[in-house]
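S.K.: Kindly generate the corresponding structure for this input.
(one chain, ligands or ions: 1)
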Amino acid sequence: MASFTSLAHPNIAMIKYWGNRDNTLRLPVNGSISMNLDGLFTRTTVNFSASFPAHKLTLNKRQILGPGLERVSYILNIVREMAGIKENAEVTTENNFPAGAGIASSAAAFAALALASSQAAGLNLKQDQLSRLARRGSGSASRSIPSGFVEWKMGQAEEDSYAISIAPPEHWDLTDCVAVVNAGHKKTGSTEGHALAGTSPLQNARVQDTARRLDICRQAILQKDFDALAHIIELDSDIMHSVMMTSNPPLMYWQPATLRVFQAVREWRASGLPVAYTVDAGANVHVITLREQSKMISKKLNELPGVKNVLTANVGGAARAA
Ligand code: DP6
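M.R.: Below you'll find the model as predicted:
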């Protein structure tokens, strides 16, 4: 059986996925919208062979056992069943972005794994099937399969919960300037976080209003309306963090420096700069801006107290062979 190498970008959500109606299948309680992050990627090689005694996972040159291997094996076993094969796989994967840089690695990782493992097993899945497969490893990975600006439709069932591209990368020259702030102790991961979302009395209100926010965000992207985009992505991020903070137990991801970046971004926008913030399940702030302003914004972010460094990424393409 052939080996296959793939590459996928991480993505930053503009309308967030938070909470599942089925935690195993990763069927979300709401749709979400994101953009892929160019320049940052996971590269993964999968090789199935009858001579391998078990699945094996090597991440950034280190062998991974335990929950990490189990999560990858779950996807490999789905692929084996689809392909009707019994061989074990060796998975070798590398990220070109540092861990703890404020970029979720699971999205790029499971998008790359879905593509490489299905191809290595002899399957030639269509984009929607790949997105569904990636989704089962990590919900946000469904959005790293298609290109550019992407919407994950929540769907009615397993079969129709996948992501599609709503605009190619060249549609709009946006840049994500990630302000990496001093992180505190170890955070609760997204998977545990999704399971807690329903314990917040605010989650129902968040979910019920999501179709409206998705429409506004999709239109803002299609019309390249930065002000509308800025308003809706900040609102969506703030609502998700309100749910997190009011869950039981509560999740508080923000650090003092996170708030300092929020304040600076709001001041800069009031003074006419195209900037908006959004935060995932961590303390680092993704500052979205226009590409032509990104050098200047990145410099200004670097000067804020508590900001350790700034990573920048333009809009990225689809998961692909590498
Ligand atoms: C806050 O996709 O990382 O980044 O499915 O358990 O892997 P799992 O969760 P994950 O959740 C992402 C949460 C978020 C918002 C988003 O990316 O939409």
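S.K.: what sits against the closest residue to the ligand within the stretch 201-322 of the chain?
M.R.: Residue nearest to the ligand within the stretch 201-322 of the chain: Asp280 (3.6 Å; Cβ to the nearest ligand atom). In this view, the C-beta of every residue, glycine as well, is placed from N, C-alpha and C. For Asp280, the contact set (Cβ atoms under 8 Å, 6 or more residues apart in numbering) comprises Ile12, Ala13, Lys16, Gly102, Ala104, Ser190, His286.
S.K.: mind checking pLDDT for it?
M.R.: Listed pLDDT for Asp280 reads 94.
S.K.: Let me know whether Ile15 touches Leu214 as I believe.
M.R.: Yes: the criterion here is Cβ atoms under 8 Å, and Ile15 meets it with Leu214 at 5.4 Å.
S.K.: Please enumerate the shared neighbours of those two.
M.R.: Asn30, Gly31, Ser32, Ile33.
S.K.: Assign the residue of the stretch 201-322 of the chain closest to the ligand to helix, strand or coil.
M.R.: coil (DSSP: H, G, I helix; E, B strand; the rest coil).
S.K.: Let me see the backbone angles for it.
M.R.: With angles defined as degrees, to the nearest 10, Asp280 sits at phi -90, psi -150.
S.K.: Then Tyr253?
M.R.: The phi/psi pair for Tyr253 (degrees, to the nearest 10) is phi -90, psi -20.
S.K.: Surely it is in contact with Val181?
M.R.: No: when contacts are counted by Cβ under 8 Å, Tyr253 is not listed as touching Val181 (10.8 Å).
S.K.: Those two: which is more packed in?
M.R.: Counted by other Cβ atoms under 10 Å, Tyr253 and Val181 do not tie: Val181 has more neighbours, with 26 against 20.
S.K.: That one and the ligand, how far apart?
M.R.: 16 Å (Cβ to the nearest ligand atom, to the nearest Å).
S.K.: Pull up the residues of the protein that are close to the ligand.
M.R.: Taking Cβ under 6 Å from any ligand atom, the part of the chain that reaches the ligand is made up of 13, 16-18, 26, 32, 104, 106, 138-140, 190-191, 194, 280-281.
S.K.: Which of those residues fall within strands?
M.R.: Ala13, Ser32 (DSSP state E).
S.K.: which SS class is Ile166?
M.R.: strand.
S.K.: can you pull the contacts of it?
M.R.: Ile33, Gly148, Phe149, Val150, Glu151, Arg218, Ile221, Leu222.
S.K.: So what's the residue count around the last one?
M.R.: The number of residues packed near Leu222 is 13, by other Cβ under 10 Å.
S.K.: Grab the nearest non-local neighbour of it.
M.R.: Ala167 (6.5 Å; Cβ to Cβ, 6 or more residues apart in numbering).
S.K.: do Met240 as well
M.R.: Lys16 (4.5 Å).
S.K.: Over to Leu196?
M.R.: Ser247 (4.2 Å).
S.K.: The one you found and Asp238, how far apart?
M.R.: The spacing between Ser247 and Asp238, counted by Cβ to Cβ, to the nearest Å, is 15 Å.
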